[in-house]
Each structure stands twice: as structure tokens, then as C-alpha cells.
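Undergrad: sequence unavailable; structure follows:
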């Protein structure tokens with residue numbers, strides 16, 4: 001059979017990234033408490049395509065996913081990226097794996113257990129020289145109480161749920177749980193899936209006693225990351241879904257030095 005994809009292309013234009021996107025696939029990820037956790041990931045896989053080729057072999061990307069099984073972790077990404085380059089005759093490779101990660105979290109007073117889900121993302125790139133860049137990302141829901149609203153109001157203060165996105169590069173492996181905990185510690189209060197009345201009282205008063213702007217949240221997170229020698233680069237952003245404004249509040253900070261690719 002004729003392989004159209006391997007036919008020459010005469011436009012002389014290379015493609016930076018070509019591959020598959022938004023493929024849902026069952027994976028197993030590292031879990032600090034339970035060793036492993038089964039979840040479903042959305043996966044993007046790309047390679048470069050030289051100007052002389054008409055197309056890449058899309059089916060080979062799906063075949064490559066068996067290299068993820070039974071585990072998806074940053075320590076496996078280097079081998080996966082290298083295999084992609086060899087299998088697809090490419091100079092560079094890129095993988096993005098996004099998945100929900102569940103952590104059992106007890107309410108602060110009643111200790112009623114519930115599962116919190118966090119969106120996590122692992123990103124890996126291998127350049128033509130074989131240098132690998134790895135990024136771990138978490139998206140964490142938080143609660144914030146407005147310091148200005150508290151200051152000017154005779155009673156109460158407006159509060160809202162927000163979302164923090166934290167991406168890191170590091171020297172040694174870092175647990176997803178530690179990234180999530182760092183973010184939650186810097187919020188007015190963290191979010192729970194189960195709250196009894198005594199717990200609602202607790203988180204309401206905790207947030208009121210710890211008001212923060214989005215600026216405060218990202219600065220507090222950045223301060224902790226700058227003090228951690230294991231973190232070589234980070235990007236942190238916070239978005240508050242405002243309860244009394246017709247807009248969101250947003251702030252972001254990037255620190256450290258990204259690798260040279």
C-alpha cells in the first residue's frame with residue numbers, strides 16, 4: 001500500500017509540532033499515601049516534522065501510549081520522549097498529560113472525610129540535542145476574603161472561591177500533594193468537599209481572620225518557592241471569581257530561570 005505520509009513535500013516548510021490532541025486514556029499516577037491512583041488523563045503528543053515529509057504517522061502516537069502503562073510519572077517522561085523521537089523519526093518531542101487527582105481530606109472540626117479533586121498536568125519536552133525539560137502543574141481551588149471589604153465594612157466582608165495555578169521545575173522529584181498543600185497554606189482558607197455546621201463556622205471565621213488579595217496569595221506562594229532550593233523555576237497565578245464584582249481579580253508571578261532549550 002502507498003504510504004502518503006512518507007511522500008515528499010515541495011513547500012519546504014517544516015512543522016514545529018504535529019501529533020494528536022485531547023485523547024482520553026486510563027492511567028495510573030503516583031500517590032504518596034496509597035502508592036498509586038487510577039485516573040483518566042487527557043493527553044497531547046507532538047513531534048516536529050521536517051520540511052521534506054508530507055505528514056507524520058498519527059497511529060504511532062496512540063501505540064506509544066502503552067509506554068505510559070501502568071504508571072505516569074515525571075521520572076518516566078525522559079524515556080517516553082526519547083522513544084517518541086525514535087519511533088517517529090523526529091528531532092524533538094512534546095507530551096502533555098492532564099488528569100484529575102483525588103485526595104481524601106477531612107473537615108477541620110468534625111473530621112468528616114471527603115474526596116477533593118485537583119486538576120494536575122505533567123509536561124515534558126525533548127529538544128533536538130536530547131535535553132529534556134519537565135514541568136509539574138496543579139490547579140487548586142481556594143477561598144479568599146477581601147481585606148478592603150473587611151476594613152471598610154461595619155459587619156462582614158465579601159469572600160469568594162478562587163483558583164491558583166502553580167507550575168514548577170525542580171532538581172528532585174516533588175509530590176503533587178506538597179504542591180497542593182503549599183497553595184492551600186497561602187489562601188485565606190482552603191476548600192473542602194464535606195462541611196458540617198461546626199466546620200462551616202470554622203472555615204468562615206478562619207477566612208475572615210486571614211483576608212487576602214490575589215496579590216497576597218501569589219506573593220506568599222512565591223516567597224515559599226524562592227526559599228526552596230529544590231525549585232529552579234515557577235509560575236504561579238491566582239484568579240478570584242468575585243462575588244460582588246462583574247469580573248475576576250487576577251495576579252501572577254514567574255520566578256527562577258527556565259532551562260535553555
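TA: Okay, I see it. Keep in mind that this is a model prediction, so the values were computed, not measured. Residues are numbered from 1 along each chain as shown.
Undergrad: buried ones in the helix or strand harbouring residue 24, by neighbour count?
TA: Using DSSP states H and E, residue 24 sits within strand 15-31. Under the neighbour-count criterion of 16 or more other Cβ atoms under 10 Å, strand 15-31 has 15, 18, 19, 20, 27, 28, 29, 30, 31 buried. For every residue, glycine as well, the C-beta is placed using N, CA and C.
Undergrad: redo these as JSON lines? Include pLDDT and distance to residue 213.
TA: Formatted as JSON lines, the buried residues of strand 15-31 follow (pLDDT from 0 to 100; distance: Cβ to Cβ, whole Å):
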{"residue": "15", "pLDDT": "93", "distance to residue 213": "43"}
{"residue": "18", "pLDDT": "95", "distance to residue 213": "42"}
{"residue": "19", "pLDDT": "95", "distance to residue 213": "40"}
{"residue": "20", "pLDDT": "95", "distance to residue 213": "41"}
{"residue": "27", "pLDDT": "88", "distance to residue 213": "37"}
{"residue": "28", "pLDDT": "89", "distance to residue 213": "39"}
{"residue": "29", "pLDDT": "90", "distance to residue 213": "33"}
{"residue": "30", "pLDDT": "90", "distance to residue 213": "34"}
{"residue": "31", "pLDDT": "92", "distance to residue 213": "34"}
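Undergrad: okay, these in TSV with distance to residue 212 next?
TA: Below are these laid out as TSV (distance: Cβ to Cβ, whole Å):
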residue	distance to residue 212
15	45
18	43
19	41
20	41
27	35
28	36
29	31
30	31
31	30
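Undergrad: so who does residue 125 touch?
TA: By Cβ atoms under 8 Å, 6 or more residues apart in numbering, the residues touching residue 125 are 81, 92, 93, 94, 95, 132, 133, 261.
Undergrad: name only those of those that count as buried.
TA: Counted by 16+ other Cβ under 10 Å, the contacts of residue 125 give 81, 92, 93, 94, 95, 132, 133 as buried.
Undergrad: among those residues, which lie within helices?
TA: With helices taken from DSSP state H, the overlap with the buried ones among the contacts of residue 125 comprises residue 81.
Undergrad: let's have the buried ones among the contacts of residue 125 in JSON lines, adding pLDDT and distance to residue 175.
TA: Listed next are the buried ones among the contacts of residue 125 as JSON lines, based on pLDDT from 0 to 100; distance: Cβ to Cβ, whole Å:
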{"residue": "81", "pLDDT": "91", "distance to residue 175": "22"}
{"residue": "92", "pLDDT": "95", "distance to residue 175": "29"}
{"residue": "93", "pLDDT": "95", "distance to residue 175": "26"}
{"residue": "94", "pLDDT": "96", "distance to residue 175": "24"}
{"residue": "95", "pLDDT": "95", "distance to residue 175": "20"}
{"residue": "132", "pLDDT": "93", "distance to residue 175": "20"}
{"residue": "133", "pLDDT": "94", "distance to residue 175": "20"}
